[in-house]
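>>> Okay, here's the prediction I keep looking at, along with the sequence it came from:
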Amino acid sequence: MYNPFYYGNPVPPELFIGRQLELQRIVHRIIPHGQSSAIIGAPRIGKSSILKYLMAPETRDALYGEDGQRLIFSRINPQPFGAQVCQAEFWKYALQPLKEQVIESMPTASLAQAYQTCQQNKFGTFVLERLLGQVRKAGWKLVLLIDEFDALLHHPVLCGVEFFGGLRLLASECGGALALIIASRQSLAELNRATQKFSRDSSPYFNFLDEITLGSFTKEETDQLLQKVDNYFSPMDYRFLIEIAGRHPYLLQAAAFELWETYKQGDYIHNLQRLEAAYSLYSKVYSVLSDTWKLWPVKVKKAFTDVVVSYLEEFVELPSSSYEAFSNLKDRFDENGQNLEGNNSGISPDLYRRLHKAMLTCSHFHSNAALRGKFVDSRINPWVNSLPQENNVNDRVTAVVDYLYNQYNDVNENALVLLLRVIGGEF
């Protein structure tokens, strides 16, 4: 029998489990008024899976009823976008399903003429507004799903007033002809802060979106997942899976997959098989946990570390050497919650501590704009459009060091070393 548990890629619609309240809320905003939503959550929590489920042909009748026949879905992931992708190219790609499903079958209709006008005017916001007016008159709704929306915050062309302002206007002022569904690791408050420099005298760009935060599975959703095959896992297995994965959808799927595989290998002692599954799980999900850790603000990291260390001190019997190592974790954060020793760059803790302290005194790290300004220097200019964007000096220094440490130019010069050469006189 094949392994029924699935992890890695987004879950296909036929294997999708749970999230009914979240789906209902999104659908009730799309139908009937074409309102927009933001799906927020940590890496691998299920954001992409929900987007695929919302637009799948096989789920359309159950989700939208008869209204589903007048919905046109378009899904975009901006992560692969090159640096030269502009607004015209974005909208050409976003409108492709509309073009294929409606416009090409009515080449002389007003909707087709409005699309041609958009092409001729490079898909500017004004002509896009006219196009969506025709979409509404024809009784259609365009549902635009943007996965990994955070990637747009770092795009050298699309991260700006024209694109974000236009997106907001089109989604909120076109009579429901465009419903925008975004998936983001960052909350709407964080997205608004990241784009505040573009909207200082107006409303935040993303205040028209309804925020829907994805968390762990409920008990009922967990039961539904683990009971895909009746009585395959024992009550002890069930407790083991919850203990090592919690109710996190990805971790739970991965843990169940690994345990299933160990049982298929032979008739061994179950405790040993569970241990083997736990080791296999850790090796598979390390990168996911690392991504989640990097996403957390440093103060959340500090709080999490405090909780873990306190738990270990109270409930776990450790060898003296291990106890000392865990206890020292609390001392690895400075007064701002910055982890100085557990950096992600690979630099030795002592050098990292001194480098971090020196960079905090450099005025160019006091804002994202000031830092970008320093990268006009030809030695480090190749990385100007991919610099991490952070909301405070501590996070900015950490993110830049971690990023540049692993970057090299065409002659194999390290980007972090080049940055230090550029700003060295300012320490």
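Perfect, I can see it now.

>>> For residue 134, see how far away the residue most central in space within the chain is.
Centroid-nearest residue in the chain: residue 185, 3.5 Å away (criterion: CA atoms, centre = their mean). In this view, residue 185 and residue 134 are 35 Å apart by CB to CB, to the nearest Å. The way it works is simple: take the backbone N, C-alpha and C, and place the C-beta from them, glycine included.

>>> which ones are touching the residue nearest to the centre of the chain?
Neighbour list for residue 185: 40, 41, 42, 43, 150, 295 [criterion: CB atoms under 8 Å, 6 or more residues apart in numbering].

>>> what do you get for residue 385?
83, 154, 155, 156.

>>> host element of residue 212?
strand 210-213 (DSSP states H and E).

>>> who's in contact with whichever helix or strand comes after that strand?
Sequence order places helix 219-226 as the next helix or strand after strand 210-213, per DSSP H and E. Residues outside helix 219-226 that contact it (CB under 8 Å, 6+ apart) are 5, 17-19, 217, 233, 238, 241-242, 247, 249, 252-253, 256.

>>> Return the set of buried residues in whichever helix or strand comes after helix 219-226.
Proceeding N to C from helix 219-226, the next assigned helix or strand is helix 235-245, under DSSP H and E. The neighbour-count check on helix 235-245 (16 or more other CB atoms under 10 Å) flags 237, 240, 241, 244, 245 as buried.

>>> Just flag the most distant two among those residues.
237 and 245 (12.0 Å; CB to CB).

>>> re the thing from before, which one of the contacts of residue 385 has the most neighbours?
Per-residue neighbour counts (other CB atoms under 10 Å) across the contacts of residue 385 peak at residue 155, which has 20 neighbours.

>>> so what's that one closest to, chain neighbours aside?
Excluding the flanking residues, the one nearest residue 155 by CB to CB, 6 or more residues apart in numbering is residue 81, at 6.2 Å.

>>> could you list every residue that touches the one you found?
Residue 81 neighbours (CB under 8 Å, 6+ apart): 151, 155, 158.

>>> Could you tell me which of the residues you listed belong to helices?
With helices taken from DSSP state H, there is no overlap with the contacts of residue 81.

>>> Show me which of these is closest to residue 117.
Nearest member of the contacts of residue 81 to residue 117, counting by CB to CB, is residue 158, at 22.1 Å.

>>> Count the neighbours of that closest one for me.
Using other CB under 10 Å: residue 158 sits among 20 other residues.

>>> tell me the phi and psi of it?
With angles defined as degrees, to the nearest 10, residue 158 sits at phi -80, psi -20.

>>> burial count for the residue nearest to it when sequence neighbours are not counted?
Spatially, and ignoring its direct neighbours in sequence, residue 158 is nearest to residue 152 (5.3 Å; CB to CB, 6+ apart). Counted with other CB under 10 Å, residues neighbouring residue 152 total 25.

>>> Can you list the low-confidence ranges for the stretch 251-400 of the chain?
266-271, 311-349 (pLDDT under 70).

>>> What segments of it are helices?
270-295, 298-315, 320-327, 349-360, 368-374, 393-404 (DSSP state H, counting those that start in this stretch).
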